[in-house]
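A.B. asks: Show me the folded form of this:
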Amino acid sequence: MIIDRMPEALTAENAVAYERARYSNTTMPVALTVNLVGGSTTVALYWGAAPLPYLAVFLSIFIVIALAWIFPLSAHFRRQAFTPERVSLLFRLLSITGAVAGLTWGIGMYFIFPYGELAAQFCFLCALVLLGVTVAICFAGYYPAALWTFLPFSFIAVLVLVMQPKIFYAELLSVLMYVPAQVFMSLLYSRIHVNSLRLRFENIDLVSQLTVQRDLAEAALSAKSTFLAAASHDLRQPLHALGLFLYSLQRTDLNTKQRELAANIESSTNAAREMLDTLLDFSKLEAGAVVAKPVSFPLQPMLRKLENEFAPLADAKNLVYRWRDTTAFVHADPALVELILRNFISNAIRYTERGGLLIACRRRGEGIALEVWDTGIGIPASQHRDIFREFYQLANPERNRNKGLGLGLAIVEGLARTMELQVGLASNPGRGSVFCLVLPAGVAQHEAKLPAPAPHAGLPGGCKVLLVEDDQAARSAMATLLREWGCRCEAFELIEEAFDALSGFSPDLVITDFRLREKRTGQDVLDGVTARLGHRVPAIIVTGDTAPERLREALASGATLLHKPVAPPALQAAMESLLGRTNPG
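C.D. replies: Residues are numbered from 1 along each chain as shown. Modelled structure (predicted):
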């Protein structure tokens with residue numbers, strides 16, 4: 001069995017030495033075969049001209065060293081792993097073999113060369129040239145062996161040419177030029193070979209280091225995502241319950257002081273919800289849960305809507321909010337475009353202390369450029385790429401929550417990538433910035449308009465709701481709210497309890513948390529209800545999970561998906577939409 005391998009734990013230099021040895025051991029039989037062919041051809045050319053014993057000894061030496069290497073020696077070195085001692089032994093044998101071959105050719109030059117005619121002598125010299133080229137290539141792994149081959153025959157060759165009755169000056173000059181040139185080429189080829197091996201192992205080592213660093217980076221990214229998902233879920237649960245309790249509390253008889261306190265609580269709750277929703281938007285992008293649905297729509301209604309929302313915020317900071325009327329239509333997803341503009345405008349207001357901002361659009365080639373200009377702090381050119389990284393913020397070392405989480409522009413870039421659009425940025429530190437989104441021009445249509453929310457039709461009186469929620473506070477708050485809305489609500493912590501109740505309760509709507517106890521999910525609830533009732537029931541999955549894989553699982557259920565903390569109006573709208581489809585009248 002052929003092993004031809006190297007030990008696993010190697011330094012770079014040992015690895016190079018072992019590879020040189022492997023190369024030399026592999027090419028040595030080739031060199032000796034070429035040497036044997038050259039010797040046999042020489043014997044054939046000098047047959048009958050030179051004494052037979054000379055020719056027999058000359059050829060026999062080549063046959064012996066060729067057979068010795070091709071069969072026992074080369075195979076022996078291939079069967080076992082290289083070690084420093086075995087490498088040293090191999091290189092010594094190479095030097096000895098090269099010296100024997102070179103000396104044999106030198107002796108042949110002395111005892112055989114003079115007997116030949118001019119043509120035979122020319123062929124003899126050609127055989128030496130071929131031998132030199134072969135030695136340079138095959139001994140590239142160990143240059144001293146090439147020297148031991150060249151020196152004996154070159155010295156004797158010069159001696160023989162000088163001792164001829166008629167000195168062959170041309171041949172002598174050729175040998176004197178050829179030998180140094182061949183020695184130099186052998187050295188050069190050997191250096192190229194060794195350097196290429198060093199570069200190869202350096203590259204292998206570099207790839208190994210990069211692989212380790214990549215694995216560490218991926219592990220850190222995975223740990224970060226896991227932490228964010230877990231922290232987001234754990235924070236959303238109590239905040240979800242708090243929001244529902246607060247909504248119910250505000251609809252009771254409160255005095256003025258109590259209503260003021262409730263309003264402050266609501267303000268803090270909304271701020272926390274906004275930050276968690278930002279994390280959710282980012283998680284949706286990572287999960288690939290955001291799909292662009294492009295349509296042609298006019299920009300004017302969107303810009304007017306954004307003015308109504310953000311102009312009061314700008315006024316509160318004594319900033320001028322301006323926007324220009326436009327008749328432009330664009331072809332894109334209006335919800336995603338609006339979310340991008342919201343990020344641009346909120347950042348402009350957040351980082352501008354004096355002056356104001358301008359929202360405008362202009363034609364750029366065949367597209368429409370939406371631009372948000374501000375007179376804020378500006379962004380250094382060295383940080384133009386950094387600001388699109390997640391959690392990166394300018395001028396917020398104290399991590400002031402009023403300046404957000406540093407995810408807005410990362411979300412913008414992800415949304416633009418989803419729509420296959422480009423985001424532009426130009427800025428002058430201390431003078432302001434302009435963010436730009438270039439959109440494809442749309443077709444002007446009178447009926448094209450931004451999607452408007454459907455009017456609330458109200459919940460059907462006495463609608464029956466099955467609620468499955470393993471968090472006690474969230475379950476209590478949700479059940480209280482649903483009953484205030486006139487629903488008959490049956491609330492359960494465990495799936496089995498909910499299934500048992502179906503024997504005397506046929507719900508019009510199922511509301512379930514996604515992640516339940518004992519590794520069960522909202523999908524298990526929906527499947528069990530369908531199996532027991534024999535038909536699908538409209539369903540809402542409420543989840544605090546933001547992990548990409550969890551979002552994909554929840555979306556695959558086909559139910560309406562709401563994210564904790566759920567604002568009661570959003571929950572009511574989702575219920576009205578689902579019950580309106582099944583109860584048209």
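A.B. asks: and stretch 201-216, which residues are buried?
C.D. replies: Residues Phe201 are the ones in stretch 201-216 that count as buried (16 or more other CB atoms under 10 Å). Every residue, glycine included, has its C-beta placed from N, CA and C.
A.B. asks: Next, report how far that stretch is displaced from the centre of its chain.
C.D. replies: Taking CA atoms, centre = their mean, to the nearest Å, one finds stretch 201-216 lying 15 Å from the centre of the chain it belongs to.
A.B. asks: and it, what's its mean pLDDT?
C.D. replies: Here stretch 201-216 scores 84 as its mean pLDDT.
A.B. asks: And stretch 497-515, by the same measure?
C.D. replies: Per-residue scores along stretch 497-515 average to 89.
A.B. asks: Would you mind listing the buried residues in it?
C.D. replies: Those would be 498-499, 502, 507-515, for stretch 497-515 by 16+ other CB under 10 Å.
A.B. asks: Ends of that stretch, what's the gap?
C.D. replies: With CA to CA, to the nearest Å as the measure, the first residue of stretch 497-515 is 16 Å from its last.
A.B. asks: just how off-centre is that stretch within its chain?
C.D. replies: For stretch 497-515, the distance to the chain centre is 43 Å (CA atoms, centre = their mean).
A.B. asks: ok, Phe492 - contacts?
C.D. replies: 466-469, 498, 501 (CB atoms under 8 Å, 6 or more residues apart in numbering).
A.B. asks: And those residues, which is closest to Thr252?
C.D. replies: Leu467 (21.8 Å; CB to CB).
A.B. asks: nearest residue to the closest one other than its sequence neighbours?
C.D. replies: In space, and not counting its chain neighbours, Leu467 is closest to Ala491: 4.2 Å by CB to CB, 6 or more residues apart in numbering.
A.B. asks: Give me the three-state assignment for that neighbour.
C.D. replies: strand (DSSP: H, G, I helix; E, B strand; the rest coil).
A.B. asks: so who does Ser476 touch?
C.D. replies: Contacts of Ser476 (CB under 8 Å, 6+ apart): 241, 491.
A.B. asks: Now name the helix or strand holding it.
C.D. replies: According to DSSP states H and E, Ser476 maps onto helix 472-484.
A.B. asks: How about that helix, which residues are buried there?
C.D. replies: 474-475, 477-479, 481-482.
A.B. asks: Val129 and Tyr178 touch, don't they?
C.D. replies: Yes: with contact defined as CB atoms under 8 Å, Val129 and Tyr178 form a contacting pair (6.9 Å).
A.B. asks: Between the two, which has more neighbouring residues?
C.D. replies: Neighbours were counted for Val129 and for Tyr178 using other CB atoms under 10 Å; Tyr178 has more, 17 against 14.
A.B. asks: still on that earlier bit, dump the buried residues of helix 472-484 to JSON lines, plus distance to Arg350 and pLDDT.
C.D. replies: What follows is the buried residues of helix 472-484, written out as JSON lines (distance: CB to CB, whole Å; pLDDT from 0 to 100):
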{"residue": "Ala474", "distance to Arg350": "32", "pLDDT": "84"}
{"residue": "Arg475", "distance to Arg350": "37", "pLDDT": "87"}
{"residue": "Ala477", "distance to Arg350": "32", "pLDDT": "86"}
{"residue": "Met478", "distance to Arg350": "34", "pLDDT": "87"}
{"residue": "Ala479", "distance to Arg350": "39", "pLDDT": "89"}
{"residue": "Leu481", "distance to Arg350": "33", "pLDDT": "87"}
{"residue": "Leu482", "distance to Arg350": "38", "pLDDT": "89"}
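A.B. asks: out of those residues, what pair is the most spread apart?
C.D. replies: Ala474 and Leu482 (12.3 Å).
A.B. asks: Looking at the buried residues of stretch 497-515, spot the one nearest Thr418.
C.D. replies: Looking across the buried residues of stretch 497-515 and measuring by CB to CB, the closest to Thr418 is Phe514, at 23.6 Å.
A.B. asks: outside of stretch 361-372, which residues touch it?
C.D. replies: 299, 303, 324, 326, 328, 330, 337, 341, 344-345, 348, 357-360, 424, 434-441.
A.B. asks: Restricted to helices, list those.
C.D. replies: Under the assignment DSSP state H, the contacts of stretch 361-372 contribute 303, 337, 341, 344-345, 348 to helices.
A.B. asks: Can you pick out the most distant pair from these?
C.D. replies: Farthest apart among the ones in helices among the contacts of stretch 361-372 by CB to CB are Val337 and Ala348. That separation is 16.4 Å.
A.B. asks: Buried residues in the strand or helix carrying Ala56, which are they?
C.D. replies: Using DSSP H and E, Ala56 maps to helix 52-68. Residues of helix 52-68 classed as buried: 54-55, 58-59, 61-62, 65-66 (neighbour count, 16+ other CB under 10 Å).
A.B. asks: try stretch 415-427
C.D. replies: Those would be 415-416, 418-419, 421, 423, 427, for stretch 415-427 by 16+ other CB under 10 Å.
A.B. asks: Can you add distance to His563 and give the buried residues of helix 52-68 back as TSV?
C.D. replies: Below are these laid out as TSV (distance: CB to CB, whole Å):
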residue	distance to His563
Tyr54	97
Leu55	95
Phe58	91
Leu59	89
Ile61	87
Phe62	84
Ile65	81
Ala66	80
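A.B. asks: nearest to Ala574, of these?
C.D. replies: So of the buried residues of helix 52-68, ranked by how close each gets to Ala574 (CB to CB), first place is Ala66, at 87.5 Å.
A.B. asks: Could you list the residues in contact with the helix holding Ala56?
C.D. replies: 29, 32-33, 35-36, 39-40, 42-43, 46-47, 97, 100-101, 104, 107-108, 111-112.
A.B. asks: Where is the longest helix in this structure?
C.D. replies: Per DSSP H, the chain has its longest helix at helix 169-249.
A.B. asks: hmm, which two among the buried residues of helix 52-68 are most spread apart?
C.D. replies: Longest span within the buried residues of helix 52-68, CB to CB: Tyr54 and Ala66, 19.2 Å.
A.B. asks: Break this structure down into its domains, please.
C.D. replies: Using automatic domain parsing, the domain parsing of the chain gives 12-167, 250-287, 295-440, 464-582.
A.B. asks: mean pLDDT lowest for which of these?
C.D. replies: domain 250-287 (a mean of 68).
A.B. asks: Out of the contacts of Phe492, which sit inside strands?
C.D. replies: Counted as lying in strands by DSSP state E, out of these, are 466-468.
A.B. asks: Show me which of the residues you listed is closest to Met185.
C.D. replies: Val468 (82.7 Å).
A.B. asks: quick one: the closest one from Arg520, how far?
C.D. replies: 9 Å (CB to CB, to the nearest Å).
A.B. asks: List the residues that are in contact with both of the two.
C.D. replies: Ile495.
A.B. asks: Please narrow the contacts of helix 52-68 to those residing in helices.
C.D. replies: Those of those lying in helices (DSSP H): 29, 32-33, 35-36, 39-40, 42-43, 46, 97, 100-101, 104, 107-108, 111.
A.B. asks: Give me the buried subset of those residues.
C.D. replies: Buried among the ones in helices among the contacts of helix 52-68 (16+ other CB under 10 Å): 29, 32, 35-36, 39, 42-43, 46, 97, 100-101, 104, 107-108, 111.
A.B. asks: what's the distance between Tyr142 and Phe310?
C.D. replies: For Tyr142 relative to Phe310 (CB to CB), the value is 77 Å.
A.B. asks: ugh, wrong one, Ala574
C.D. replies: Distance from Ala574 to Phe310, by CB to CB: 27 Å.
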